[in-house]
Every structure is written in structure tokens, then in C-alpha cells.
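Structural data only, the sequence is not supplied:
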């Protein structure tokens with residue numbers, strides 16, 4: 001097959017997957033809810049911004065990790081393929097099994113997209129995903145702890 005056949009297929013898959021992803025329930029949570037959940041050992045925070053942003057400023061709670069959004073999902077011809085790196089996703093499914101996973105970014109938009117996307121994978125069915133409304137900016141404005149370097 002040549003690339004001209006793949007592009008329409010990618011577009012068709014994107015049009016099919018996007019409505020499914022947006023119709024699957026997930027939970028947007030406030031900074032207060034995230035803080036209270038973060039006190040539980042089964043909660044993990046994942047910063048989906050870049051490493052530079054993470055090093056400069058991050059949520060100061062136990063179990064906070066940085067995994068930039070571009071490392072989770074692959075892009076090709078400017079269309080999101082939604083396949084991701086199978087090794088990374090399989091590893092994540094083991095680490096996040098039976099966990100509450102709170103994604104955050106600067107303002108909550110990218111992390112919301114990532115939250116929706118993770119719900120598409122059956123391998124994550126044992127995990128519960130949350131998006132921090134307003135991202136790290138709302139967290140900090142609410143007076144919750146951040147580490148700044």
C-alpha cells in the first residue's frame with residue numbers, strides 16, 4: 001500500500017475514535033479533590049508537560065511523575081494515530097494497575113485530552129483516570145504545595 005491509502009485510513013480512524021473517546025466518562029477534579037486523593041497511596045500524579053517545565057515547577061505530593069504527552073502517543077502526517085508506543089503503554093498499564101491516576105498540565109487542556117485517550121485502552125481498565133481542572137496553575141492558586149527550582 002502506498003502512503004495515499006494510509007492517510008485516508010488514518011483520517012477515518014481519527015473520525016471514528018474521537019467521538020468514542022469524548023463519550024467515555026472520566027472525571028474532572030478540583031485541586032482540593034486532587035490534594036485529598038493524593039494523600040492515598042493508590043494515587044499517582046502524572047505531569048504531561050515537558051521535562052523543562054517539570055524541573056522548574058511541579059506539584060509537591062508523593063508519587064508525582066513526568067511523562068510528556070509526546071512520549072505517550074505517536075504522531076504521523078499531523079494526525080494523531082492513537083496507537084502510542086506499545087512498550088511504553090504496556091509498562092504504564094503494569095505500573096498504574098488499580099491506581100487513581102491524576103493527569104495535569106499547565107491549565108488542564110492537554111491533560112484532559114490525555115485522560116480521554118487513556119480510556120480507549122482496555123489494558124488500563126483497572127485504573128481510574130482523572131484530569132486536574134485548571135492544571136498546576138489552579139493548584140498553585142488554590143494554595144496547594146508546589147516545588148520550584
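Thanks, I have the structure now. Note that the coordinates shown come from a computational prediction; the quantities given were computed from them, not determined experimentally.

What is the subsequent helix or strand relative to the lowest-mean-pLDDT helix or strand in the chain?
Across the helices and strands of the chain, mean pLDDT, DSSP states H and E gives its lowest value to strand 79-80, namely a mean of 39. Downstream of strand 79-80, the first helix or strand assigned by DSSP states H and E is helix 86-95.

ok, and for that next one, which residues are buried?
Using 16 or more other Cβ atoms under 10 Å as the test for burial, helix 86-95 gives 89, 92-93. The way it works is simple: take the backbone N, C-alpha and C, and place the C-beta from them, glycine included.

Does anything pack onto that helix? Which helices or strands?
helix 69-72 (3 or more Cβ pairs under 8 Å, 6 or more residues apart in numbering; DSSP states H and E).

so what's the most centrally placed residue in the chain up against?
For the chain, the residue nearest the mean C-alpha position is residue 114 (3.6 Å; Cα atoms, centre = their mean). Residues counted as contacts of residue 114 (Cβ atoms under 8 Å, 6 or more residues apart in numbering) are 48, 69, 72, 103.

Turn those residues into CSV, including pLDDT.
Formatted as CSV, these follow (pLDDT from 0 to 100):
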residue, pLDDT
48, 92
69, 82
72, 70
103, 95
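
can you pull out the strands in the protein?
27-29, 43-47, 57-59, 64-66, 75-76, 79-80, 100-104, 128-132, 146-148 (DSSP state E).

Single out the most deeply packed of these.
A comparison of the strands of the chain by mean neighbour count, using mean count of other Cβ atoms under 10 Å, puts strand 100-104 on top with a mean of 26.

That strand: partners in the sheet, and parallel or antiparallel?
strand 43-47 (parallel), strand 128-132 (parallel) (DSSP bridges).
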